[in-house]
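[1] generate coordinates for the sequence data below:
(chains A and B)
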Amino acid sequence: MNSFKFLVAAYVATWLIHTFYIGTLFSRYRRLRQSLKELGKRK
Amino acid sequence: MKKLFLILAGVTALFLAYASYLALKVAPTDALQGDVYRIIYYHVPSAWTAFLLFFINFIASVQYLARTKASLQKAVQWLVLAIGVIGVIATFLPQVQALLPTGMRPSAVATTVVAFPAFYFLLGWKFPGDRMDMLALTAAEVGVVFCTIVLVTGPIWARPVWGIWWAPGDIRLTSTLVLWLIYVSYLVLRRFSNSAQTQIIAAALAVFGALDVPLVYFSIWFFRTQHPQPVIGGGGSMDPRMLHTLLTSWMAFLCFAFLVCWSRFRLELLKREAEQAEAMESLVGAGTAAKASVPLSRSAR
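    Next comes the predicted model:
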């Protein structure tokens, strides 16, 4: 059974999903910092 | 705090690398499935982590709803205590033990029952006020990520082993998909609803959604499914090296989930601070505008 590619696919998919989610967290954090900075400037 | 986070992140990365090494190199190859069975070292820990996070979301949602009234909060506290005490005593009664599926240990059921009041009081103490709602949101979001991994890695394993990607009508598979959909709708509600009642509606949805978790977990105990029957605690046997790898992998994923939840919680905290600051600014702006308009309106009179 040539199942090795499925094993690799599952492991890669897992880390892709985690990386994508952590990426969205970073981008949300950056946007928030930016809006907080703008808010500080307006004050 | 930042230093502690970085240290924990480093330790978790090493732990995950070690778990992956065990999964790919140390654990023996399965005689029937070959190497593809090694997917369980990611699939099963992700499922257990998702269940734990949905359980935390459930507890946080119950707490949040209970906090809406002081009398209700007291009543729920007593109810949770009663569930813990009666549940533990009941699991050791022969009549109740007869109802448990073959291979399920009463001590394991008792531990799960005790976890309910333990988590309830621990979270209630550590997350006061609005932080409980933030915890519920964090746990649901990270839980959905882990549940997505379960739903992706499961079919990848099933294709070479079963010959199909998905077994339509299989209760374990269907209930897991429903669980994922429930929590995705929870997140959609949190994201797009601007009503003042959103947090309460979401908490109520989470309480009902959590009812699907035991159905998912016990489906393979009570029903005949295409999905493999329980091996751990279900009367099956597993090579000690495989069990060691599985538990190590779960611990590593738990550490990882903890760090992700920490980051997500901090983000939510910052977001609410920004919202408060913005609201304050618009309030001050409105006040200044009102002051400026007073002489105008007086002169108009």
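[2] how about low-confidence regions in chain A?
    A:1-2, A:43 (pLDDT under 70).
[3] what sits against the residue of it found nearest chain B?
    Chain A approaches chain B most closely through A:S3 (3.5 Å), counting by CB to the nearest CB. From N, CA and C alone the C-beta is placed, and that goes for glycine too. A:S3 sits next to B:Q33, B:G34, B:D35, B:V36, B:P160, B:V161 when contact means CB atoms under 8 Å, 6 or more residues apart in numbering or on different chains.
[4] most neighbours, which of those?
    The residue in these with the most neighbours, by other CB atoms under 10 Å in any protein chain shown, is B:V36 (24 neighbours).
[5] please tell me how far B:L52 sits from B:L177.
    In this view, B:L52 and B:L177 are 19 Å apart by CB to CB, to the nearest Å.
[6] neighbour-wise, which of these two wins?
    Using other CB under 10 Å as the criterion, B:L52 and B:L177 rank with B:L52 on top: 19 against 16.
[7] mind listing what that one touches?
    Contact analysis of B:L52 by CB under 8 Å, 6+ apart lists B:L254, B:A257.
[8] what's the answer for A:Y29, then?
    B:L267, B:L270.
[9] please, which helix or strand holds it?
    In the assignment (DSSP states H and E), A:Y29 maps to helix A:4-42.
[10] get me the contact residues on chain A for chain B.
    A:1-4, A:6-7, A:9-11, A:13-14, A:17-18, A:21-22, A:25, A:28-29, A:32-33, A:35-36, A:39, A:42-43 (CB under 8 Å from any CB of the partner chain).
[11] repeat that with 10 Å
    Residues of chain A that fall close to chain B, judged by CB under 10 Å from any CB of the partner chain: A:1-18, A:20-22, A:24-26, A:28-29, A:31-33, A:35-36, A:39-40, A:42-43.
[12] would you mind checking the residues you listed for buried ones?
    A:3, A:6-7, A:9-11, A:13-14, A:17-18, A:21, A:25, A:29, A:36 (16 or more other CB atoms under 10 Å in any protein chain shown).
[13] and which of the residues you listed is nearest B:R67?
    If you rank these by distance to B:R67 using CB to CB, A:L25 comes first, at 27.4 Å.
[14] give the contact list for that closest one.
    Taking CB atoms under 10 Å, 6 or more residues apart in numbering or on different chains, we find A:L25 in contact with B:E141, B:V142, B:V260, B:S263, B:R264, B:R266, B:L267.
[15] if we use 7 Å, what do you get?
    B:S263, B:R264, B:L267 (CB atoms under 7 Å, 6 or more residues apart in numbering or on different chains).
[16] so the last one sits right up against A:R30, yeah?
    No - using CB atoms under 7 Å, B:L267 and A:R30 do not qualify as a contacting pair, with a distance of 10.6 Å.
[17] who has more neighbours out of the two?
    B:L267 (18 against 10).
[18] quick one: contacts for the residue nearest to B:G143 when sequence neighbours are not counted?
    Distance criterion CB to CB, 6 or more residues apart in numbering or on different chains; nearest residue to B:G143, sequence neighbours excluded, is B:L53 at 3.4 Å. Neighbour list for B:L53: B:A139, B:V142, B:G143, B:F146, B:A257 [criterion: CB under 7 Å, 6+ apart].
[19] distance of B:L53 from chain A?
    13 Å (CB to the nearest CB, to the nearest Å).
[20] now that residue: phi and psi?
    phi -70, psi -40 (degrees, to the nearest 10).
[21] and the longest helix for chain B?
    Of all segments of type helix in chain B, defined using DSSP state H, the longest is helix B:240-300.
[22] which helices and strands does that one pack with?
    The contact analysis (3 or more CB pairs under 7 Å, 6 or more residues apart in numbering or on different chains; DSSP states H and E) places helix B:240-300 against helix A:4-42, helix B:2-21, helix B:40-66, helix B:131-162.
[23] for the last one, which positions count as buried?
    Within helix B:131-162, the residues that qualify as buried are B:131-161, counting by 16+ other CB under 10 Å.
[24] list the helices and strands that helix packs on?
    By 3+ CB pairs under 7 Å, 6+ apart, helix B:131-162 packs against helix A:4-42, helix B:40-66, helix B:171-192, helix B:198-209, helix B:240-300.
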